[in-house]
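J.: Quick one, fold the following:
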Amino acid sequence: MRLKDEFSDLRQQLRPMTLYQKFEHASILILSGIIAVIVAFSIWHLALRVLASILISGFDPTDYEVFQAVFGMIFTVIIALEFKRSLLAVAERQTSVVQARAVVLIALLAVVRKLIILDLKTTDAMQLLALAAAILALGIVYWLVRDQDRKQRFTREVAEARTMEQ
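T.: Modelled structure (predicted):
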């Protein structure tokens, strides 16, 4: 599609929006751009650190501390990508607000990242129990919200099918 056609389509999409909706849309696009830049630099930094570790020191991926550092950085990038994806869903008007499911998934990823980078030698049992409880609670909420989304989608599909029959 040509750039002129894309701008024309964008203008048609923005016309029915209120001033606040236009502001929200622009804010989401700016935030998405900022997150994209952060993700690109994070990937670049991760690649440089891994290459430097391989070339300068004996990179041993089986070493637990190396594993923690590398996968902690990878999870950070994954969290940022998921956050960006949820913002883009709002920008594309698939939803009017950030979905609770996306927020719970991002929180779940953050807790799992924390669990991966945690130094088990210095961590007490209560902190591990708290992380396990947080993961369990977030998992249950994600499962409940997922079922709610499935029910809403089914209801919408039934309504569309009835409209088509008429």
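
J.: got any ranges where this protein has weak pLDDT?
T.: For the chain, applying pLDDT under 70 flags the ranges 1, 3-15, 93-98, 147-154, 156, 166.

J.: ranges for the helices of it?
T.: Using DSSP state H, the helices found in the chain span residues 3-14, 19-56, 64-91, 100-117, 125-165.

J.: For these, give me CSV that also has mean neighbour count.
T.: In this view, the C-beta of every residue, glycine as well, is placed from N, C-alpha and C. Compiled in CSV, the helices of the chain are given as follows (neighbours: other C-beta atoms under 10 Å):
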stretch, mean neighbour count
helix 3-14, 10
helix 19-56, 13
helix 64-91, 16
helix 100-117, 17
helix 125-165, 12
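
J.: what phi and what psi does the backbone show at Gly58?
T.: Phi and psi for Gly58, reported as degrees, to the nearest 10, are phi -70, psi 100.

J.: same deal with the one 5 residues further on?
T.: Dihedral angles phi and psi of Asp63 (degrees, to the nearest 10) take the values phi -70, psi 130.

J.: these two touch, right, Ile28 and Leu87?
T.: Yes: the criterion here is C-beta atoms under 8 Å, and Ile28 meets it with Leu87 at 5.2 Å.

J.: Thought Val103 was touching Val145, still the case?
T.: No: between Val145 and Val103 there is no contact under C-beta under 8 Å: 9.3 Å.

J.: Give the closest residue to Ala102 in space, chain neighbours not counted.
T.: Ser86 (3.6 Å; C-beta to C-beta, 6 or more residues apart in numbering).

J.: quick one: contacts for the one you found?
T.: Under the criterion of C-beta atoms under 8 Å, 6 or more residues apart in numbering, the neighbours of Ser86 are 98-99, 102-103, 106.

J.: Taking those residues together, which two end up most distant?
T.: Spanning the widest gap among these are Gln99 and Ile106, at 10.7 Å by C-beta to C-beta.

J.: Over to Asp124: give its phi and psi.
T.: The phi/psi pair for Asp124 (degrees, to the nearest 10) reads phi -90, psi 170.

J.: residues touching Val50, list them.
T.: The contact partners of Val50, by C-beta under 8 Å, 6+ apart, come to 59, 70.

J.: residue contacts, Val66?
T.: Counting by C-beta under 8 Å, 6+ apart, Val66 makes contact with 53, 59-60.

J.: please redo it, this time with the cut-off set to 7 Å
T.: For Val66, the contact set (C-beta atoms under 7 Å, 6 or more residues apart in numbering) comprises 59-60.

J.: Appreciated, that's everything.
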